[in-house]
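Asks: I'd like to go over a predicted model; first the sequence, then the structure.
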Amino acid sequence: MSTQIFVNIATDDLERSQAFYTALGCEINPLFTDENAACVVWDEQIFFMVLTREYFATFTDKTVADAKTTAQVLIALSRESREAVDEILAAGLAAGGSEPKDPQDLGFMYSRDLEDPDGNVLEFLYMDPAAAEDGPDAFTPVDA
């Protein structure tokens, strides 16, 4: 079995979060979803456990950060193309998300940030395959 990733994030409104993430194309696994948590399935290896703020607090002795005012983690997810980055941002914005900063285009990498309604930041990026394999210096712009 390969490693699976479970990212736990807090929400103030579990139903709103489920609607937001399904609008991005995710599914909800009902076997691990109840009034305290929803299991958001990104793919076969990546899952978000969206937890009510109160339930999230039962897993730590630390203060649960308010993602609208405090950054604790930025979740970066790759897409297969620049267009796919733009498409998922459009879906997220239409579902109540916001884009906190301008897109970043480094030539070899294109990324855009999307905040969910609770302020959790999802960064969607596309990296040129040559740059991903051999580093940014391997990227050759199309018009070079």
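Replies: It's in. Numbers count the residues shown, from 1 in each chain.

Asks: all helices of this protein, in order?
Replies: 14-23, 53-56, 82-94, 129-134 (DSSP state H).

Asks: Gln4 - nearest residue in space that isn't next to it in sequence?
Replies: The spatial neighbour of Gln4 that comes closest, neighbours along the chain excluded (CB to CB, 6 or more residues apart in numbering), is Gln45 at 5.0 Å. In short, each C-beta sits where N, CA and C put it, glycine included.

Asks: on that earlier part again, deepest-packed of the helices of the chain, please.
Replies: Comparing these by mean neighbour count (mean count of other CB atoms under 10 Å), helix 14-23 comes out on top with a mean of 18.

Asks: name the helices or strands packed onto that helix?
Replies: strand 27-29, strand 37-41, strand 46-52, helix 82-94 (3 or more CB pairs under 8 Å, 6 or more residues apart in numbering; DSSP states H and E).
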